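Chemist: what follows is a protein structure lacking sequence information:
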């Protein structure tokens, strides 16, 4: 990777070949250009290092950095998490028409428990139970998941329509999203999603020759051709003004396929809003993790060259970090696990996380019962739970993915060091491009001022 | 000791600069000084101009 990193307590600095050093205040989430002199003064660290490191206070530059280190910026805010369950993911089915090589949901989308359809009769009271607890003016979000959720489109229509009506009565704002393999985006199914103005995430790992190899359809046909047809249909509906949900593409990169750059080029050619490049949750090869970081670095450079921060932020892996820097908002929870988010499987059981379906230890209720004692276990922030206090990326990472940490280390509160390295690297890339964007904006402002004064 | 070179130059977003301005205006005189410093930062003036901390 092109970056060298240095640290003095809360201040982490990065230097990319050919660029001036840039620093991040880990607590205040301030970004600053720093002098070469200051950079040289700071002690070197490596990507896997999370503990505090301090320079020796023997120079004026050191004292100046220490002064910044000790500042508390009143403009920095903490992420607000309203109390109560506001977001759920619902397994509409636990079956799939694909058989992805790397499927972490039991190998076939079933989580080891194939269920054709969730019961509407049981789901409606369960949703009422959750929505009734939300105060007026609040929001409620459902993500339809599976298996493949569009194998039960009538269920999506029924649940969506109930939630819309129920929320209207309670003066609550409903919103919907779906994660689908995109092979079943028929005109009829598109209309169902359009009625909910559902944000759509399509799982696709790259161009046809890659996607059809790692995500084969059980019927042997090309899933990529089907999803491209579906995307055309969605694009047409958007053009007509009838549909305004966001469309994103999501790829998983693992031992089976690490062609992130090819995926980015493919994604960029399609009529969508955003992309996400996820590292396979079951992958544990350090070399593969390194390849992921190297390719993300290339993709970030391509995106920024194409359209600066706007294009970079079409990539979800950077967009969240960028927004947190832009607004100086500290993120203490990587996700809402056990706090404002729950997973409901096709048997109407509550789990803490989509990856935990079928794990009795992480089952926290069923139907209209929620186990308060089990949920209390998630009261502390993920930064606290995962002992991230001294990591410089903690307020952008928010403690990381609980499931990945636990899956890799088998211990509560022990982190997957490769996950942490990848996250720090993505944060460093975001800080680097944040600085370049701000430099560009400053030049534009100066140019505008110069033009106006003439 | 005063450094002759800018050692740290913060880069706030436009939104945060406005937040800072509003906050400082509420705080009276102190705010005027801070606001000026912030404007300097936005204009990227030369050596000797330290950004607001």
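Modeler: Great, that's in hand. Computed from a prediction, not measured in an experiment: that's the story for all the values here.
Chemist: contacts, neighbours, all on C-alpha from now
Modeler: Fine.
Chemist: was I right about residue A:22 contacting residue A:38?
Modeler: No. Residue A:22 is beyond contact range of residue A:38, at 10.5 Å (criterion: CA atoms under 8 Å).
Chemist: say whether chain A is contacted by whatever helix or strand residue B:21 lives in.
Modeler: When secondary structure is defined by DSSP states H and E, residue B:21 falls within helix B:14-26. Yes. Against chain A, helix B:14-26 shows contacts by CA under 8 Å from any CA of the partner chain at B:15-16, B:19-20.
Chemist: ok, back up a step: comparing residue A:22 and residue A:38, which residue is more hemmed in?
Modeler: residue A:22 (27 against 19; other CA atoms under 10 Å in any protein chain shown).
Chemist: once you drop chain neighbours, what's closest to the more buried one?
Modeler: residue A:33 (4.5 Å; CA to CA, 6 or more residues apart in numbering or on different chains).
Chemist: how close does residue A:101 get to chain B?
Modeler: In this structure, residue A:101 and chain B are 43 Å apart, going by CA to the nearest CA, to the nearest Å.
Chemist: surely that residue and residue A:212 touch.
Modeler: No. Between residue A:101 and residue A:212 there is no contact under CA under 8 Å: 10.4 Å.
Chemist: picking that back up, got a pLDDT number for the residue nearest to residue A:22?
Modeler: Reported pLDDT at residue A:33 in the predicted model: 95.
Chemist: now do residue B:45
Modeler: For residue B:45, the predicted pLDDT is 30.
Chemist: show me where the chain dips below the pLDDT cut-off.
Modeler: In the absence of a named chain, chain A is used. Flagging of chain A using pLDDT under 70 yields the residue ranges A:1.
Chemist: switch to chain B, please.
Modeler: Low-confidence segments of chain B (pLDDT under 70): B:1-5, B:27-53.
Chemist: OK, now which residue of it is nearest to chain A?
Modeler: residue B:10 (3.9 Å; CA to the nearest CA).
Chemist: so what's that residue closest to, chain neighbours aside?
Modeler: residue A:32 (3.9 Å).
Chemist: quick revisit: is it true that the residue of chain B closest to chain A touches residue A:33?
Modeler: Yes. At 6.3 Å, residue B:10 counts as touching residue A:33 under the criterion of CA under 8 Å.
Chemist: can you give me the neighbour number for the residue of chain B closest to chain A?
Modeler: Residue B:10: 23 neighbours (other CA under 10 Å).
Chemist: so what touches the helix or strand hosting residue A:159?
Modeler: Under the criterion of DSSP H and E, residue A:159 resides in helix A:153-169. If you take CA atoms under 8 Å, 6 or more residues apart in numbering or on different chains as the criterion, helix A:153-169 is touched by A:92, A:117-118, A:120, A:123-124, A:127-128, A:131, A:140, A:144, A:149-150, A:173-174, A:176, A:189, A:192-193, A:196.
Chemist: buried ones in that helix?
Modeler: Buried residues in helix A:153-169, defined by neighbour count with 16 or more other CA atoms under 10 Å in any protein chain shown: A:153, A:155-157, A:159-160, A:163-164, A:166-167.
Chemist: of those residues, which is the nearest to chain B?
Modeler: Nearest to chain B, judged by CA to the nearest CA, of the buried residues of helix A:153-169 is residue A:167 at 32.5 Å.
Chemist: now the lengthiest helix in chain A, how far from the chain's geometric center?
Modeler: If you go by DSSP state H, chain A has its longest helix at helix A:417-453. On the basis of CA atoms, centre = their mean, to the nearest Å, helix A:417-453 is displaced by 20 Å from the centre of the chain it belongs to.
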